[in-house]
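Novice: Curious how this folds, go ahead:
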Amino acid sequence: MRLFFSAGAGYSHIAPLLPLAVAAQERGHDVVFATGANAVEHARAHGLPTIGVDGPVDEAAARRAWGRYSPAELAEMSPDEKLAYVVTVMAETGAGTRVGEMLASVRERRPDLVIAGAAEFAAPAAAAIAGLPYVVHGIGPPKPAAIMAGGWRALDPIVHRFGLDRFPAHDTVPYLDIWPEPLQPQGITWDHPIRPPVRPEGILPAGGSRPAVLDGLPYDKTVYVTAGTSHNTRPGVLETMISALHGEGVNVVATIGRDGDRKRFGAQPDGVRIENFLPQQRILPYVDAVVCHAGAGTVLGALAHGVPMVVSPLATDQFDMAAQVDGAGAGVLTDPGSPTRAGIRDAVRTVLDDPAYRASAASLAAWIAAMPEPASVLDRLPEYAS
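Specialist: Presented below is the predicted three-dimensional model:
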């Protein structure tokens, strides 16, 4: 089969699709991976033929879209209302400027199936215009229909420019779901009713030697601190998470991102290690808790290793993920929107002192391990393409 993968131009949007794309290529399928030109190295590093698909930059239109509400109006919105707004603007600005080049790429390659990362609206729009089937691949938890509705509506005028009356209904489009079912709340009308599961392979435990950064640490327990790849440079977040654990008698290993500046953290106590980057799969087997912003990759990685979390969500769907972790008993939600030293400190004490949190995380690790591997999903792609 000819398979056309597409994801937004951010590592957290690209990484979840890579295991399926690699498995498809290893199976002998003709694979191409499309993303923003500034992010092609992530897929190329996995040996995938990769193309950069961008479009004309309309800064004025983007400013209007992102400035639709004043800061005061945004402050009054609920997290769900803010997320719905973000989704709508992502569709308007992302698909609106990229659909022409995406359509040209799709028509040139004429794939049997388009596999679009969630929140990547240009590829579904191009597939609809070209009359090609597509599926959506999760990059985090599935979304309620109400959250995504504005994004799909935003595609109507975009595809209309290419001769379609409106973007077709997507209720029968499969959504490849990487999110463990026990975390998903009940009673929700989901954006995609058909959600076959696929294991988030890229975050599973992997072999390897014990990281040298752990050598010489003075305490019995170790806490891993991260704000992922999108919020790692946000002022005060990592500083607060790290300093909250000073004097707590635990080791702290923090990653601040490849673009992070270690100098901003100043001198640290013995027992604190600050690194720009460590592969999660290398450090997670050796830690007792994770403090994070509830990003999808970190949450799935911690759970896959059976490690309990302290989650302080900062934006978008992180609030949902944090609530799900807390509700499952695999961690503690604290300080939504802005971490505090007291909140982080007390929550870490809670998850380290009560073994029930690790037991819940271990149960979710077993669930994730039992999800269908990406290679098994390949057997169903001909059905999705028909």
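
Novice: and residue 166, what element?
Specialist: Secondary-structure assignment from DSSP states H and E places residue 166 in no helical or strand segment.

Novice: correct me, but residue 103 touches residue 126?
Specialist: Yes. Between residue 103 and residue 126 there is a contact under CB atoms under 8 Å: 4.2 Å. Quick note: C-beta positions are derived from backbone N, CA and C, even for glycine.

Novice: Look at these two and report which has more neighbours.
Specialist: More neighbours sit around residue 126 than around the other of residue 103 and residue 126, counting by other CB atoms under 10 Å; the figures are 31 against 21.

Novice: Which stretches in this structure count as strands?
Specialist: For the chain, applying DSSP state E gives strands covering 2-6, 30-35, 50-52, 113-117, 134-137, 175-176, 222-226, 251-255, 272-275, 289-292, 309-311, 331-333.

Novice: what does the helix or strand bottoming out on mean pLDDT in the chain contact?
Specialist: Least confident helix or strand, the chain: helix 59-66 with a mean of 86, by mean pLDDT, DSSP states H and E. Where contact means CB atoms under 8 Å, 6 or more residues apart in numbering, the residues beyond helix 59-66 that reach it are 89, 92-93, 96.

Novice: Among those, which one lies nearest to residue 181?
Specialist: Set against residue 181, the nearest of the contacts of helix 59-66 by CB to CB is residue 89 (30.0 Å).

Novice: For that closest one, grab the count of nearby residues.
Specialist: Around residue 89 sit 19 other residues, with neighbours defined as other CB under 10 Å.

Novice: i'd like the first residue to be 58 from this point on
Specialist: From this message on, residue numbering opens at 58, which makes the last subject residue 146.

Novice: low-confidence ranges in this structure?
Specialist: Across the chain, the ranges flagged by pLDDT under 70 are 288, 290.

Novice: again, only using 80
Specialist: Along the chain, segments meeting pLDDT under 80 span 114-115, 286-292.

Novice: since we're on the closest residue to residue 251 other than its chain neighbours, how many residues are nearby?
Specialist: With CB to CB, 6 or more residues apart in numbering as the measure, residue 231 is the residue that lies nearest to residue 251, at 4.9 Å, once sequence neighbours are left out. Counted with other CB under 10 Å, residues neighbouring residue 231 total 22.

Novice: which ones are touching residue 231?
Specialist: The neighbourhood of residue 231, defined by CB under 8 Å, 6+ apart, consists of 192-193, 249, 251-253, 441.

Novice: List buried residues within those residues.
Specialist: Neighbour-count burial (16 or more other CB atoms under 10 Å) applied to these gives 192-193, 249, 251-252, 441.

Novice: returning to what we had before: can I get the buried ones among the contacts of helix 116-123 as something I can paste into PyMOL?
Specialist: This is how PyMOL selects the buried members of the contacts of helix 116-123, with burial counted by 16+ other CB under 10 Å:
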select buried, resi 146+149+150+153
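
Novice: from the contacts of helix 116-123, which is closest to residue 372?
Specialist: The shortest gap between residue 372 and any of those belongs to residue 146, at 13.5 Å (CB to CB).

Novice: who's in contact with the closest one?
Specialist: If a contact means CB under 8 Å, 6+ apart, then residue 146 has 122-123, 125 as its contacts.

Novice: Next one: it from residue 429, what distance?
Specialist: According to CB to CB, to the nearest Å, residue 146 stands 34 Å off from residue 429.

Novice: Sketch out the helices for the stretch 258-407 of the chain, chain order is fine.
Specialist: With DSSP state H, counting those that start in this stretch as the definition, the stretch 258-407 of the chain shows helices at residue ranges 294-300, 337-340, 353-361, 375-384, 398-410.

Novice: ok, of the buried ones among the contacts of residue 231, which one's closest to residue 138?
Specialist: For residue 138, the closest of the buried ones among the contacts of residue 231 turns out to be residue 249, at 21.1 Å, with distances computed as CB to CB.

Novice: Could you measure from residue 119 over to residue 154?
Specialist: As judged by CB to CB, residue 119 and residue 154 stand 9 Å apart.

Novice: Same drill for these two, tell me which one is more crowded.
Specialist: Taking neighbours as other CB under 10 Å, residue 119 and residue 154 compare with residue 154 leading, 19 against 16.

Novice: is it true that the more buried one touches residue 147?
Specialist: No. Shown here, residue 154 and residue 147 do not form a contact pair, counting by CB under 8 Å, at 11.4 Å.

Novice: Would you quantify the distance from the closest residue to residue 345 other than its chain neighbours to residue 131?
Specialist: Among residues not flanking residue 345 along the chain, residue 278 sits closest, at 4.4 Å (CB to CB, 6+ apart). Using CB to CB, residue 278 is found at 39 Å from residue 131.

Novice: One more: residue 295?
Specialist: Look at residue 295 and residue 131: by CB to CB, they are 24 Å apart.

Novice: So for those two, which residue has more residues nearby?
Specialist: Neighbours around residue 295 and residue 131, counted as other CB under 10 Å, are more numerous at residue 295. The numbers are 26 against 12.

Novice: ok, for that one, nearest residue in space, not its chain neighbours?
Specialist: residue 284 (5.3 Å).

Novice: try residue 362
Specialist: In space, not counting the residues next to it along the chain, residue 362 is nearest to residue 341; the distance is 4.1 Å by CB to CB, 6+ apart.

Novice: quick one, what contacts residue 232?
Specialist: Contacts were defined as CB under 8 Å, 6+ apart; by that measure residue 232 touches 175, 192-195, 199, 248-249, 251-253.
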